[in-house]
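*Asks:* just a sequence and a predicted model for now, questions to come.
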Amino acid sequence: MDALNIVIVGVGGQGTLLASRVLGNIAQSLGHDVKVSEVHGMSQRGGSVITYVRMGKKVYAPLVEQKGADYVLAFEELEALRALPYLKEGGAMIVNTQQILPLPVILGGAEYPQGILSTLAQRAKLLAVDALPLAREAGNEKAVNTVLLGVLAGLLPLDKELWLSALQHTVPSRFIQANMAAFELGYQHKF
Amino acid sequence: MELMLGNEAVARGAWEAGVRVCTAYPGTPSTEITENIAKYEDVYCEWSPNEKVALEVAIGASMGGARAMCCMKHVGVNVAADPLFTAAYTGVNGGLVLVVADDPGMHSSQNEQDSRFYARSAHIPMLEPSDSAECYAMIQRAFDLSEAYDTPVMLRLVTRIAHARSLVEKGERAALELRPYVKDAKKYVMMPGNAKGRHVAVEARERRLRADLPSLGLAHAEWNGTQLGVVCSGSAYNYVKEALPEASVLKLDMVYPLDEEAIRAFSSKVERLVVVEELEPFFEDAIKAMGIPCSGKDKTGLQSELFARKLSTLFAGAENPGPMETPDIPQRPPVLCPGCPHRAVFYCLHKLGLTVAADIGCYTLGALPPLSAVDSVVCMGASIGMAMGLEKARGAEFAKHTVAVIGDSTFVHSGITGLVNVVYNRSNATIVVVDNSTTGMTGHQPNPTTGFGVRGEIAPQLHLEKLCEAIGVPSVRVVDPFDLSALEQALREETAKDCASVIIARRPCALLVKTKTKPLYVDKDACIRCGLCMRLGCPALIKDADGVRVDASLCTGCGLCQKLCPKHALKGGE
């Protein structure tokens, strides 16, 4: 695996940062250069958030650009659709099938698009997973991100041990058990 | 190697450089520098009330022989500019570094001013890193240069450097003694006679630095072809390396003063010289003034961030590609959180149809629909002066339909002097201090109203009511914004008065309230679909085909919507 560009999208407050830190740790174990670009501040208040992870021999720009992502990890369906232009031809999109209505929809001024998953499936390799029940099953609702990482791990040609060690290094010890279980559920998930 | 945020790398580097004092006011994208340096117990660290005070404490610490660092966002430098320009005259004792984080693209700011001009107009050397490893190294270099040239030094970051993680190799903290303090009025007492002498010293210092630049290794030529040569620094360097791999590059670590010799040597070897920089043509104008033909801004423009695709398109002769194509789907703007006490205030202001001069903070979001309650937001503290200006322009009757809205942290930052002016110059302004006793938008940094310091230690708590009374505000009252009728009554009464008044709307930030209330639900039989609750713009209340429903995963059970519902159809909570 020479270079990898991943875009992680969600809604402010969903906790997209852990996933990027795990990926950063993996890049380090592989001896890659890595850059992770985050969003802080105003948009974190319930707005769209996006994190970029780039790894390779040498990484200059911190951002993934249009048609630049090998993978998109989406924590929410509408944000998955918004992130579609980032995906490379032939790239894969891992989507948590949660829907969080944005304010324009809540107020009735706009409609939440119907059939997002089928739109995505037409244009990308789609792996849709209802991660919330799996995270709950693992013992922590907040472990949705680790379920999605488990799915990603199933796609990448990397040792599973590498992922487990990255989780050990990044997840606070009191949450590690639930996150390990969540990772496994994602990893084993059948599509 | 450790994966570090640029801001974290600045903190680590400063600590290793032996920094003893770090002061700051929170501001995206600079906040995490101070949050990280606070983890090193051997550094005195504070959240100051504003950037001016922060810099003054740092200047004093430097004069006292300590290495001192002061951190702020770009607009904070406007506040700190007064001490900054004269600190350039006094010079330093212990190294003094001002870290400024610009925000091209305005991810979380009200403008995208370019801090490099401060360096030039105050004659302060400025360094600019392009990744976390350089953040770490350059902050250390900045302290050395500061002491070697007896000058404050600025380190400029931008959002994509401050908030990007990349690899850093850490070292150990230098064991530095406090430098001796010697009274030296000619250097530190800047009255005209002494300042004239120091202005001469500033010029001499800058001449010495310019002459030394070629030996300092702060400009790096990276050779590829000779057809195209690009001059750049910081974040722009990353995009250039990505987009124009065939170009030769001159990367400037020091963005002021410029290494003229390096630029001349580089330009003489390339057929076409291009300058790639975000925001203003700072390098380009300077290089043209050297008599060297170059271009850049004709293509890249003055606005927003650069990105690699933009450069590869522009320099292949194509049109500016603009931002990325986005599907035509509903936007997801930031919103006031469910349970936010500010929502109640803006609901009332909107209902009463008042003109609202607001301020900088989470509560700026009161401008968005459906609350749409805000008429103006300019800068930290501006609300009070602007409400008063509206009154002076349009008369006392207009003042009865106008309020200023300002948060507690912003009020302490730069609202107090505005309030003094209101009283002194006999305004009838009504000021609503939305007091959640924290600095919410930047991530809950404590401030003087919080009762805690930067490390969570107990601190004296500023008493806002007593402060307003001491200033001489004739009418000061405190309300709970969730008591909607009391809040509305307070607004009606205070705006009607022929005197200045302050309403303190006090309730903690919803994100900090630990006691959980059960979420509400809609009794569909009782609901008459009047839509009143929807006027709150609460993300937990959702309009559907069947009226309104509550998203139980978001609802905090704050009960604000219950108070509006004429049919008591919103049930639950407690």
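*Replies:* Sure thing, it's come through.

*Asks:* give me the buried positions along stretch B:69-86.
*Replies:* Using 16 or more other Cβ atoms under 10 Å in any protein chain shown as the burial criterion, the residues of stretch B:69-86 that qualify are B:69-81, B:83-84. C-beta coordinates here come from the backbone N, C-alpha and C atoms, glycine included.

*Asks:* what segments of chain A are strands?
*Replies:* Per DSSP state E, chain A has strands spanning A:4-11, A:33-37, A:48-56, A:69-74, A:87-96, A:125-129. These are given in chain order.

*Asks:* can you list the ones you listed in JSON lines and add mean neighbour count?
*Replies:* Shown next, in JSON lines, are the strands of chain A (neighbours: other Cβ atoms under 10 Å in any protein chain shown):
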{"stretch": "strand A:4-11", "mean neighbour count": "25"}
{"stretch": "strand A:33-37", "mean neighbour count": "23"}
{"stretch": "strand A:48-56", "mean neighbour count": "23"}
{"stretch": "strand A:69-74", "mean neighbour count": "25"}
{"stretch": "strand A:87-96", "mean neighbour count": "20"}
{"stretch": "strand A:125-129", "mean neighbour count": "19"}
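
*Asks:* can you list those in TSV and add distance to B:D144 and mean pLDDT?
*Replies:* What follows is the strands of chain A, written out as TSV (distance: least, Cβ to Cβ, whole Å; pLDDT from 0 to 100):
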stretch	distance to B:D144	mean pLDDT
strand A:4-11	37	95
strand A:33-37	27	96
strand A:48-56	32	94
strand A:69-74	41	97
strand A:87-96	44	96
strand A:125-129	52	97
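
*Asks:* please list all residues in contact with residue 85.
*Replies:* No chain in the question, so chain A it is. By Cβ atoms under 8 Å, 6 or more residues apart in numbering or on different chains, the residues touching A:P85 are A:66-67, B:324-327.

*Asks:* please refer instead to chain B.
*Replies:* B:121-122.

*Asks:* need the next SSE after the host helix or strand of it, C-terminal direction.
*Replies:* Mapping B:F85 onto the secondary structure by DSSP states H and E places it in helix B:74-90. Later in the chain than helix B:74-90, the nearest helix or strand by DSSP H and E is strand B:96-102.

*Asks:* hang on, the earlier thing: nearest to B:K187 among the buried residues of stretch B:69-86?
*Replies:* B:P83 (15.3 Å; Cβ to Cβ).

*Asks:* what's the distance between that closest one and chain A?
*Replies:* B:P83 sits 26 Å away from chain A, taking Cβ to the nearest Cβ, to the nearest Å as the criterion.

*Asks:* hang on, that residue packs against B:N50?
*Replies:* No: with contact defined as Cβ atoms under 8 Å, B:P83 does not count as touching B:N50 (11.4 Å).

*Asks:* is stretch B:373-387 anywhere near chain A?
*Replies:* No: applying Cβ under 8 Å from any Cβ of the partner chain, one finds stretch B:373-387 out of contact with chain A, separated by at least 12.1 Å.

*Asks:* rewinding a little: can you list the strands of chain A in JSON lines and add distance to chain B?
*Replies:* Below are those laid out as JSON lines (distance: least, Cβ to the nearest Cβ, whole Å):
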{"stretch": "strand A:4-11", "distance to chain B": "7"}
{"stretch": "strand A:33-37", "distance to chain B": "4"}
{"stretch": "strand A:48-56", "distance to chain B": "4"}
{"stretch": "strand A:69-74", "distance to chain B": "12"}
{"stretch": "strand A:87-96", "distance to chain B": "12"}
{"stretch": "strand A:125-129", "distance to chain B": "15"}
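
*Asks:* distance to A:I106 added to those strands, as CSV?
*Replies:* Below are those laid out as CSV (distance: least, Cβ to Cβ, whole Å):
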stretch, distance to A:I106
strand A:4-11, 13
strand A:33-37, 29
strand A:48-56, 15
strand A:69-74, 20
strand A:87-96, 20
strand A:125-129, 24
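
*Asks:* ok, which of those comes nearest B:L127?
*Replies:* Proximity to B:L127, assessed across the strands of chain A by Cβ to Cβ, is greatest for strand A:33-37 (20.3 Å).

*Asks:* name the surrounding residues that touch the top helix by length along chain B.
*Replies:* Secondary structure of chain B per DSSP state H: the longest helix is helix B:192-216. When contacts are defined by Cβ under 8 Å, 6+ apart, helix B:192-216 is touched by residues B:86, B:88-91, B:123, B:125, B:145, B:149-151, B:185-187, B:190, B:219, B:254, B:257, B:259-262.

*Asks:* show the buried residues in the residues you listed.
*Replies:* B:88-91, B:123, B:125, B:145, B:149-151, B:187, B:190, B:219, B:254, B:257, B:259-260, B:262.

*Asks:* sort out for me which of these are in strands.
*Replies:* Residues from the buried ones among the contacts of helix B:192-216 lying in strands, with DSSP E as the criterion: B:219, B:254.

*Asks:* tell me who's in contact with B:G453.
*Replies:* For B:G453, the contact set (Cβ under 8 Å, 6+ apart) comprises B:46-47, B:446, B:459.

*Asks:* out of those, who has the most neighbours?
*Replies:* Among the contacts of B:G453, the one with the most neighbours (other Cβ atoms under 10 Å in any protein chain shown) is B:W47, at 24 neighbours.

*Asks:* leaving out the residues flanking it, which one is nearest to residue 155?
*Replies:* By default, I'm working from chain A. Nearest non-adjacent residue to A:L155, counting by Cβ to Cβ, 6 or more residues apart in numbering or on different chains: A:A92, 6.1 Å away.

*Asks:* wrong chain, I was asking about chain B
*Replies:* If the residues on either side of it in the chain are set aside, B:L155 comes closest to B:V99, at 4.7 Å by Cβ to Cβ, 6+ apart.
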